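> Below: sequence and its predicted model.
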Amino acid sequence: MDRHEMISLLQQAHNEIMSLRHEIAELAPKAHAYDTIAAVTRMKPAPEQGYTVDLAWRLAKAVEELDAEREAERVPAEDGA
C-alpha cells in the first residue's frame, strides 16, 4: 500500500467514524425516551384480575356471627335462671 492509498483509507475511516458519531448523537434522545417509557411501563401496576372474597374478612364475620349467636343463647338462659 502506498502513501496515497493509506491517506485515502485513513480519511474514509475518519469520515465513517464521524458519520457514526453523528448518527449516535441523533439516536441518543430516542434511546433515552425508550428507556424512560420502558421504566414507566414496568412501574405501571398489572391489569386488575377482579376482586376475590377476602378469606380473613369472611372468617372475622363468621366469628362475629357465632359470638352473637352464643350471646343470644346465653341471655335467655340467664333470664330463666
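It's in.
> how close does Ser19 get to Ala25?
As judged by Cβ to Cβ, to the nearest Å, Ser19 and Ala25 stand 11 Å apart. C-beta: built from backbone N, CA, C; applies to glycine.
> give me the low-pLDDT residue ranges for the chain?
Residues of the chain that meet the criterion pLDDT under 70 lie in 44-50, 77-81.
> show me where it has strands.
Under the criterion DSSP state E, the chain contains no strands.
> Output the longest helix belonging to it.
Identified as the longest helix of the chain according to DSSP state H is helix 3-43.
> so how far is that helix from its chain's centroid?
On the basis of Cα atoms, centre = their mean, to the nearest Å, helix 3-43 sits 30 Å off its chain's mean C-alpha point.
> for stretch 62-74, same thing?
Computed by Cα atoms, centre = their mean, the chain-centroid distance of stretch 62-74 equals 45 Å.
> same thing with stretch 54-62?
Taking the mean of its C-alpha atoms, stretch 54-62 sits 30 Å from the chain's own mean (Cα atoms, centre = their mean).
> list the buried ones in that stretch?
Buried residues in stretch 54-62, counted by 16 or more other Cβ atoms under 10 Å: none are found.
> Restrict it to CA atoms and write it as CSV.
The C-alpha coordinates for stretch 54-62 follow below in CSV (Å, rounded to 0.1, in the frame of the first residue of the first chain):
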residue,chain,number,x,y,z
ASP,A,54,-61.2,-11.8,51.4
LEU,A,55,-61.0,-15.0,53.4
ALA,A,56,-59.8,-13.2,56.6
TRP,A,57,-62.8,-10.9,56.4
ARG,A,58,-65.2,-13.9,56.0
LEU,A,59,-63.6,-15.6,59.0
ALA,A,60,-63.9,-12.5,61.1
LYS,A,61,-67.6,-12.2,60.1
ALA,A,62,-68.2,-15.9,60.9
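> And for Met6, the neighbour number?
When neighbours are counted by other Cβ atoms under 10 Å, Met6 registers 10.
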